[in-house]
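Engineer: Got a predicted model here, sequence first, then my questions.
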2 protein chains.
Amino acid sequence: MYRVAIMGATGAVGLEFIKILEQRNFPVKSLRLLASSRSAGRQLKFKGEDYTVEELTENSFKDIDIVLASAGGSISAKFAPIAVKSGAVVVDNTSYFRMQPDVPLVVPEVNPRDVEWHKGIIANPNCSTIGMVVVLKPIYDVAGIKRVVVSTYQATAGAGLKAMEELRLQTIDVLAGKEAKPKIFPNQIAFNCIPRIPQSGGIDDSGYTSEELKMINETHKIMGDNKIRVTATTVRVPVFIGHCESVNIETRKKITADEVREVLSKAPLVKVVDDPKNNLYPMATMCAGQDDTYVGRIREDFSIKNGINLWLASDNIRKGAALNAIQIAELLIEKDLVRVP
Amino acid sequence: MYRVAIMGATGAVGLEFIKILEQRNFPVKSLRLLASSRSAGRQLKFKGEDYTVEELTENSFKDIDIVLASAGGSISAKFAPIAVKSGAVVVDNTSYFRMQPDVPLVVPEVNPRDVEWHKGIIANPNCSTIGMVVVLKPIYDVAGIKRVVVSTYQATAGAGLKAMEELRLQTIDVLAGKEAKPKIFPNQIAFNCIPRIPQSGGIDDSGYTSEELKMINETHKIMGDNKIRVTATTVRVPVFIGHCESVNIETRKKITADEVREVLSKAPLVKVVDDPKNNLYPMATMCAGQDDTYVGRIREDFSIKNGINLWLASDNIRKGAALNAIQIAELLIEKDLVRVP
């Protein structure tokens, strides 16, 4: 049994951490809920009992074995090393440590062995990247992957609870004929798509957003193959929960659509839903609250020799964040790696 | 001055025809509004005067020079030849005639000369295809195009006025905690993306929807180059008006992002809006009601030698339908081709 702390317990991912620890019956000996001073004192339920949110400080990690962190990059940058120094292993959902060479970046279905070389911090990948690589990996294993062109349809939950509330309130305003007043998102999100993720900062000189660069760079690191060529366009859509992705794949060897379906139907945490004539294909409404990444609209792309198009949907708060992080923690337990080396 | 008839006058595109004829001061001598018996008798305004909608019959085209048609493929299949036999030229917005070898498929900024060989019917392309080719053509002219991978974010207006109303009513229901009741769309459209266009029928054995095949086949015909390799994934998003597209282009010759911006900034009916750091990029809210196709997020795609990513937004009811059709009619007038050869 483990002493668990959640950093950012009152956020969208933090609340999902608590839910999934309970759903999966994670071996929790004790649970400490950490957040900013604003949220300190709030009561949250875990397995029917009330837990009081405490303010995150440098002393928060005494007698903690596992930290699940999702309180923002700058918070993790400061507190994850402190937690490690206190002897805790940190599974960090922010982007801060992901590309650091001494930090494993792990999706348990793709690169489980990478947890073995952790030095106290294991990074949880970007939500869009996770959904994509769980589907790419089985294809990669049988046919190799030369190039990926991905366009995303990302839900507002990726920007937090307040962003979801902004979608709700803006939608009511727009339907009432009022002007949308963007606060968190830079533009109207109600009944509109915004080709900028994240909503502020993070645009490089070549015009890529940091979300797009994450999908490129993190895919290389997770798949352990820098030769996979990836390009991405990431877009926010007026959806609450559940990221969708249109993925075009050029494989090294020829693979048919049927073979892709077969390979993916055997893949862990992947569910093939591919009967468009009967209106069955992945959607946000289908994946929300589910562990599986749904994949469908699998077609050969006749514009190249070895091309496949597919469409996937993944709960960005669960598999894209909280679930994947907790799976990493479970993997650490299984491999007896819940300790700072 | 010309005697104009509108087939499908009470639909989303029909109403836009009337608006644009007025806005562009089209040389209308007389206007006949045609629709199904259900809509006959309705009054619609054109230049401040009331016009009564008449039931479309085989006798509707007497003394008509130009027919603008947008009443559905089967209606055009039946009535367009009758109109031509009556001496009218038909600009048809349905998909019925588009791929017929003796029918020109025209976007005035791309292939204006194709109107010259019309035999009475000129087809107006698919809305998503129009938005894409007005942006592809200027790039094609300077760098050639080898391959295009496009994913669309298409508004509900493409499925008609009732589909827009379904989005509105479903949104209210979902916000009130009620279950969405899909009628026109096969699945919930409120706060959800549906990777199936059109909403019924049209899925071929390889898994492509007819919308996707239109983007491939019509691009070849309009651009006059079957060697451009195109693949498409078309998706409905919870937006009222304005299609967006994420377009990945492999050119024959190297072209930089700056060169693409320069070429597109000189292109007719194209507007470059590309300052993401200041939250400026094409969006549905930007293009709705506008003639221009907006293009931005222009970036070199480093995953291939000659790659460009871009993002565009186009009013699917205007440039994607009614405006392009009226531009074709204007082109016919300019070239003195308003007659059945």
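Structural biologist: Ah, there it is. Numbers count the residues shown, from 1 in each chain, chains lettered A, B, ... in the order given.
Engineer: Can you give me the distance of the residue of chain A most remote from its centre to chain B?
Structural biologist: In terms of distance from the mean C-alpha position of chain A, residue A:177 ranks first, at 35.0 Å (C-alpha atoms, centre = their mean). Distance, residue A:177 to chain B, by C-beta to the nearest C-beta, to the nearest Å: 12 Å. (C-beta placed from N, C-alpha, C; glycine too.)
Engineer: for residue A:111, same thing?
Structural biologist: 21 Å.
Engineer: cool, residue A:283 as well?
Structural biologist: Residue A:283 sits at a distance of 6 Å from chain B (criterion: C-beta to the nearest C-beta).
Engineer: And for residue A:227, the neighbour number?
Structural biologist: By the criterion of other C-beta atoms under 10 Å in any protein chain shown, residue A:227 has 11 neighbours.
Engineer: How about the residues of the stretch 1-150 of chain A by chain B?
Structural biologist: Residues of the stretch 1-150 of chain A lying close to chain B by C-beta under 8 Å from any C-beta of the partner chain are A:147-149.
Engineer: By neighbours, which of those residues wins?
Structural biologist: When neighbours are counted by other C-beta under 10 Å, residue A:149 leads the residues of the stretch 1-150 of chain A next to chain B with 30 neighbours.
Engineer: In a helix, the residue farthest from the centre of chain A, correct?
Structural biologist: No - secondary structure of residue A:177 (DSSP: H, G, I helix; E, B strand; the rest coil): coil, not part of a helix.
Engineer: Give me the neighbour count for residue A:120.
Structural biologist: Neighbour count for residue A:120, taken as other C-beta under 10 Å: 19.
Engineer: do residue A:305 as well
Structural biologist: As a measure of burial, residue A:305 has 9 neighbours, counting by other C-beta under 10 Å.
Engineer: And for residue A:333?
Structural biologist: Neighbour count of residue A:333, defined by other C-beta under 10 Å: 15.
Engineer: how far away is residue A:267 from chain B?
Structural biologist: Separation of residue A:267 from chain B (C-beta to the nearest C-beta) stands at 19 Å.
Engineer: Next: residue A:52.
Structural biologist: 30 Å.
Engineer: And for that residue, nearest residue in space, chain neighbours not counted?
Structural biologist: Nearest residue to residue A:52, sequence neighbours excluded (C-beta to C-beta, 6 or more residues apart in numbering or on different chains): residue A:43, at 5.8 Å.
Engineer: OK, contacts around the one you found?
Structural biologist: Contacts for residue A:43 were tallied using C-beta atoms under 8 Å, 6 or more residues apart in numbering or on different chains; they are A:50-53.
Engineer: Got the confidence number for the residue in the stretch 1-150 of chain A that chain B sits nearest to?
Structural biologist: Going by C-beta to the nearest C-beta, chain B is nearest to residue A:149 of the stretch 1-150 of chain A, at 4.8 Å. Residue A:149 carries a pLDDT score of 98 in this model.
Engineer: how about it, phi and psi?
Structural biologist: For residue A:149, the backbone dihedrals (degrees, to the nearest 10) come out as phi -120, psi 120.
Engineer: Tell me where the stretch 201-341 of chain A has strands.
Structural biologist: Counting by DSSP state E, counting those that start in this stretch, one finds strands in the stretch 201-341 of chain A at the ranges A:229-233, A:243-251, A:270-272, A:293-301, A:307-314.
Engineer: Including mean pLDDT, mean neighbour count and distance to residue A:286, could these go into TSV?
Structural biologist: Below are these laid out as TSV (pLDDT from 0 to 100; neighbours: other C-beta atoms under 10 Å in any protein chain shown; distance: least, C-beta to C-beta, whole Å):
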stretch	mean pLDDT	mean neighbour count	distance to residue A:286
strand A:229-233	98	25	23
strand A:243-251	98	26	10
strand A:270-272	98	21	9
strand A:293-301	98	25	6
strand A:307-314	98	28	6
